[in-house]
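Chemist: Mind folding the following:
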Amino acid sequence: MLLQVLGTAAGGGLPQWNCACPGCSGARAHPGRRRRHASLAVRADEGRWYLVNATPDIGDQIEDSAELRPGPGRRDTPVAGIVLTDAELDHTLGIARLREADGFRVVATAQVRRALTDRLHLDDVLAPYTKITWRGLDVEPEPLHPGGGVEVSVVPVSAKRPRYAAETAATDLRGADADGLGDHGWVTALKLRDAATGRCLLYAPALAVWTDAFQEAVESADCVILDGTFWDDDEPRHTGISTRTATEMGHLPIAGPLGTARRLAAARARCLYTHLNNTNPLTNPESQQHALLGSWGLEVAADRMVIEL
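Modeler: Residues are numbered from 1 along each chain as shown. Okay, here's the model as predicted:
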């Protein structure tokens, strides 16, 4: 199974257009620190790739990867579709950027699909341009691409809804319980498994709760790419971006008693952090936190890195 990391930043990217915090200023002064919105590409079959989440950077992310560029025909593209972990804007706005395609697949839970179609009206907006074929996601693995060798399934991790759907009752989203996930289908971790080798990736760019099911998924994975939005729980408050803690914002921190690092230290899998907020000291490779993370045997994912499982 071949994977390409297309981006590793939380919402707003790094630098964020309206921010002059140390992380954003450092990225402007040192272009090597720039990060695009968190996304991943997986080769589902020969010449057929799926993007995990569709970010506002999707056009540049495709252009930056030779494997994802069009050809040999003028309008041939290896991008077959999108898999969504949630309905947040920074993970879905890029769908509209694909309007030039004849058609493409979007794989999502019932909750995510209905939020995008009933609240954002993506189907109505894009219908004059292209055809979206929707497919469901479930806890039981299914081939990601018809006839392909990569299987996809989900681990529910949160009932957190995007702000534009925060007041929506479950019954207002028609068929939102069709996949049996209930409210916990709003945010999921993806399990991508190579059917031939059994090798498995667990991708969780947003993680609010470390459940028993998620622990089992970590233990069975060969590589884990995990929510690294905030270094510690108080980071949003002491940097002034919010009055809430990291966990109150729906992201388990990396360090501290609530942190994910201590849980990952015993994992057999290769573990990397993604979805870094601009306030996270890990955006500076010279920070003491970056060195500390390395001493724990954990990594920070980098834009454009390639992982083969």
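Chemist: Only C-alpha atoms from now on, for both contacts and neighbour counts.
Modeler: Noted.
Chemist: Burial check on residue 264, number of neighbours?
Modeler: Here the number of neighbours of residue 264 (other CA atoms under 10 Å) works out to 22.
Chemist: Read off the pLDDT value for it.
Modeler: Per-residue pLDDT puts residue 264 at 94.
Chemist: The closest residue to it other than its chain neighbours pairs with what?
Modeler: Leaving aside its sequence neighbours, residue 264 sits nearest to residue 271 (CA to CA, 6 or more residues apart in numbering; 7.1 Å). Under DSSP bridges, the beta-bridge partners of residue 271 are residue 224.
Chemist: For residue 271, list the residues it contacts.
Modeler: The neighbourhood of residue 271, defined by CA atoms under 8 Å, 6 or more residues apart in numbering, consists of 223-226, 264, 298-299.
Chemist: redo that, cut-off 10 Å
Modeler: Listed by CA atoms under 10 Å, 6 or more residues apart in numbering, the contact set of residue 271 reads 202, 218, 221-226, 261, 264-265, 297-301.
Chemist: got it, and residue 60?
Modeler: Residues counted as contacts of residue 60 (CA under 10 Å, 6+ apart) are 6, 36.
Chemist: Now the helix or strand containing it: average pLDDT?
Modeler: Residue 60 belongs to helix 58-63 when assigned by DSSP states H and E. Helix 58-63 carries an average pLDDT of 98.
Chemist: so what's residue 50 closest to, chain neighbours aside?
Modeler: Spatial nearest neighbour of residue 50, chain neighbours left out: residue 81 (4.9 Å); criterion: CA to CA, 6+ apart.
Chemist: you'd agree the one you found is in a helix?
Modeler: No: counting by DSSP: H, G, I helix; E, B strand; the rest coil, residue 81 is not found in a helix; it is strand.
Chemist: gap between it and residue 223?
Modeler: According to CA to CA, to the nearest Å, residue 81 stands 23 Å off from residue 223.
Chemist: Same question for residue 162.
Modeler: 28 Å.
Chemist: So if I had to pick from these two, which one is more boxed in?
Modeler: Neighbours of residue 162 and residue 223, each counted by other CA under 10 Å, are more numerous for residue 223; the result is 22 against 16.
Chemist: did I read that right, residue 286 in a strand?
Modeler: No: under three-state DSSP, residue 286 sits outside any strand and is assigned coil.
Chemist: Share the number of residues neighbouring it, please.
Modeler: By other CA under 10 Å, neighbour count at residue 286 equals 10.
Chemist: one step back: now do the buried residues in the helix holding residue 60.
Modeler: Within helix 58-63, the residues scored as buried using 16 or more other CA atoms under 10 Å are 58, 61-62.
Chemist: Reformat those residues into CSV and put distance to residue 247 next to each item.
Modeler: Listed next are the buried residues of helix 58-63 as CSV, based on distance: CA to CA, whole Å:
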residue, distance to residue 247
58, 28
61, 29
62, 32
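Chemist: No further questions, thank you.
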